[in-house]
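J.: With the sequence up front, the predicted model follows.
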Amino acid sequence: MPTFMNNHITNLENKELVVNWHITEVCNFKCTYCFAKWDKNGKELLHSATKVENLLDKLLKIPNILNQKYGTKFTGLRLNLVGGETFLYQSKVLNIIHEAKKRGFTLSAITNASKLNDKILTVIAENFSSIGFSVDSIEDVTNLKIGRSQKDMPMNITKMLKDITHLRQLNPELDIKINTVVSSLNYTEDLSKLMEVTQPSKWKIFKVLPSITNEYAIGDNDFLSFLSRHASYNDIIFSEDNDEMTDSYLMVDPLGRFFQNSNQGNGYIYSDGIVDSGVEIALNQVNFDIDKFLGRYRQKLIPLVNVA
């Protein structure tokens, strides 16, 4: 029998609601199991300043809608900007940041770090509560297999580490997070050295989601063995298997639609456009499990020994 250790317990009172807006599908990397592939029939909203403003205005209504429906006590809204690569279209994302801050959103983002420069690092330090870095491996060979590369050059881990150091110098209060997807390409690896160097406040570890392809899927035991290998970092680990990810996020695609993973295991289910149909109508067109959402912040149990 495996033994277990308690994960973080987060106070759910006055909890901020998090909405993940995937602002673009475009990315300079070509990760093989990337889920950022949507059915699109139109132009991504980030290219229209007016549509960006309209969408942000609609999203502001979500906490009140959920509080009335579920009796929750959401008092704030954090807009988590995701891609594709979030900072690929620099001028567009800077406009989104400006408009979101003007409306009182708390901001965070996920990035592959390849497009960060001094200007963007300063903007992040001055405007974001947290920034997440997508790192599945620190091995060049593995990153090339995954597709975390551009023109046959693997992800530049050294530059990313320098950027993290710079961000901490600019804003010591900024939360640094690491996101890792565990697949058949990296489940045997040890990322302890990365954790030692980066000292993140949170390490989110996801079991690869076969929403687009199941070519790199892994079994539960392989996922648990990865978690067990890194059990010394249990205080910062928040892990999610496929079931925990399904219906537990509020996600908006680049066209401004809510979407959720299909229960059939591939593709997505979409709402109508939030701006055109209204946020409440669009919310009701996709599944959102409030208990699963809240459960991602509750106490969890993580195995500490080999479960094979």
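T.: Ah, there it is. Residues are numbered from 1 along each chain as shown.

J.: Okay, helices next: where are they in the stretch 101-250 of the chain?
T.: In the stretch 101-250 of the chain, the segments counted as helices under DSSP state H, counting those that start in this stretch are 118-127, 140-146, 157-170, 192-198, 220-229, 242-245.

J.: Mean neighbour count added to the ones you listed, as CSV?
T.: From N, CA and C alone the C-beta is placed, and that goes for glycine too. As requested, the helices of the stretch 101-250 of the chain are exported to CSV (neighbours: other Cβ atoms under 10 Å):
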stretch, mean neighbour count
helix 118-127, 16
helix 140-146, 18
helix 157-170, 16
helix 192-198, 14
helix 220-229, 18
helix 242-245, 15
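
J.: Among these, which comes closest to residue 272?
T.: When the helices of the stretch 101-250 of the chain are ranked by distance to residue 272, counting by Cβ to Cβ, first place goes to helix 242-245 at 23.4 Å.

J.: tell me the mean pLDDT over the closest one?
T.: For helix 242-245, mean pLDDT rounds to 69.

J.: Residue 107 and residue 86, how far apart?
T.: 11 Å (Cβ to Cβ, to the nearest Å).

J.: Between these two, which has more neighbouring residues?
T.: When residue 107 and residue 86 are compared for neighbours, residue 86 comes out ahead with 26 against 19, by other Cβ atoms under 10 Å.

J.: Confirm that one sits in a strand?
T.: No - using DSSP: H, G, I helix; E, B strand; the rest coil, the secondary structure at residue 86 is coil, not a strand.

J.: Let me see the confidence value for it.
T.: The model reports residue 86 with a pLDDT of 97.

J.: got a list of what it touches?
T.: The neighbours of residue 86, taking Cβ atoms under 8 Å, 6 or more residues apart in numbering as the test, are 23, 24, 93, 109, 110, 111.

J.: for the most centrally placed residue in the chain, what are its contacts?
T.: Within the chain, the residue whose C-alpha comes closest to the C-alpha centroid is residue 110; the distance, by Cα atoms, centre = their mean, is 5.8 Å. Residue 110 makes contact with 80, 81, 82, 83, 86, 131, 132, 133, 134, 179 under the criterion Cβ under 8 Å, 6+ apart.

J.: Quick check: residue 232 touching residue 190?
T.: No - distance between residue 232 and residue 190: 10.9 Å, which falls outside the contact criterion (Cβ atoms under 8 Å).

J.: before we move on, the earlier item: possible to save the contacts of residue 110 as TSV with distance to residue 143?
T.: What follows is those, written out as TSV (distance: Cβ to Cβ, whole Å):
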residue	distance to residue 143
80	24
81	23
82	20
83	17
86	19
131	20
132	17
133	13
134	11
179	15
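
J.: closest to residue 275 among these?
T.: The shortest separation between residue 275 and any of these is 17.7 Å, and it belongs to residue 81 (by Cβ to Cβ).

J.: how about that closest one, what does it touch?
T.: Contacts of residue 81 by Cβ under 8 Å, 6+ apart are 21, 23, 93, 96, 97, 107, 108, 109, 110.

J.: run the last query once more with 6 Å
T.: With contacts defined as Cβ atoms under 6 Å, 6 or more residues apart in numbering, residue 81 is in contact with 21, 23, 109.

J.: Point out the ones among those residues that are inside strands.
T.: The subset of these located in strands under the criterion DSSP state E comprises 21, 109.

J.: now the residue nearest to the centre of the chain: how far from residue 101?
T.: For residue 110, the distance to residue 101 under the criterion Cβ to Cβ works out to 18 Å.

J.: Nearest spatial neighbour of residue 101, chain-adjacent residues omitted?
T.: residue 127 (5.8 Å; Cβ to Cβ, 6 or more residues apart in numbering).

J.: brain fart, residue 59
T.: residue 19 (5.8 Å).

J.: same thing with residue 26?
T.: Nearest residue to residue 26, sequence neighbours excluded (Cβ to Cβ, 6+ apart): residue 84, at 4.8 Å.

J.: Including pLDDT, could the contacts of residue 81 go into a markdown table?
T.: Below are these laid out as a markdown table (pLDDT from 0 to 100):
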| residue | pLDDT |
| --- | --- |
| 21 | 98 |
| 23 | 97 |
| 109 | 98 |
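
J.: Nearest to residue 62 among the contacts of residue 81?
T.: Once Cβ to Cβ is applied, the member of these that ends up nearest residue 62 is residue 21, at 11.7 Å.
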